[in-house]
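Novice: predicted coordinates and the sequence they were generated for:
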Amino acid sequence: VEIKDIGDSYLKSVNNDDGYNIVAIVITGNGASSIQDKSIFFALTGIHAREYAPTELVSRWAEEDLINQYGVDVDITAMLDRTEIHL
């Protein structure tokens, strides 16, 4: 699991003192020998201010199903060994 800076907000791109960095959580396994051998899954949630459920659901999916079950569940382990998930 890694937190990756994927860009800047509009305000930061206009004035570096304002705005914020846009970050993504990257979840992957150790199976493929290089990043080029892995598929990428990208999910974007929390786009609108009052959309609480999608962000919470994806966070729980990442923590409870992906991170905690890696190495335990055969299907999740196989998926993460072949995929990079960006949330």
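Specialist: Happy to help now that I have it. Remember, predicted model here, so these are calculated numbers, not experimental data.
Novice: all strands of the chain, in order?
Specialist: Taking DSSP state E, the strands of the chain run over residues 2-8, 21-28, 39-42, 83-86.
Novice: partner strands of the third one and their direction?
Specialist: When pairing is defined by DSSP bridges, strand 39-42 lines up against strand 83-86 (parallel).
Novice: next: the longest one.
Specialist: Paired neighbours of strand 21-28 in the sheet (DSSP bridges): strand 2-8 (antiparallel), strand 83-86 (antiparallel).
Novice: hang on, the earlier thing: want to throw the strands of the chain into a markdown table with mean neighbour count?
Specialist: For every residue, glycine as well, the C-beta is placed using N, CA and C. Shown next, in a markdown table, are the strands of the chain (neighbours: other Cβ atoms under 10 Å):
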| stretch | mean neighbour count |
| --- | --- |
| strand 2-8 | 10 |
| strand 21-28 | 15 |
| strand 39-42 | 11 |
| strand 83-86 | 18 |
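Novice: so where do the helices sit in this structure?
Specialist: According to DSSP state H, the chain carries its helices in the segments 10-14, 52-60, 74-82.
Novice: CA atoms of the first one as PDB?
Specialist: What follows is helix 10-14 as a C-alpha-only set of coordinates in PDB (Å, rounded to 0.1, in the frame of the first residue of the first chain):
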ATOM      1  CA  TYR A  10      -6.700  23.900  -9.700                       C
ATOM      2  CA  LEU A  11      -6.000  26.400  -7.000                       C
ATOM      3  CA  LYS A  12      -2.500  25.000  -6.400                       C
ATOM      4  CA  SER A  13      -1.800  25.000 -10.100                       C
ATOM      5  CA  VAL A  14      -2.600  28.700 -10.300                       C
END
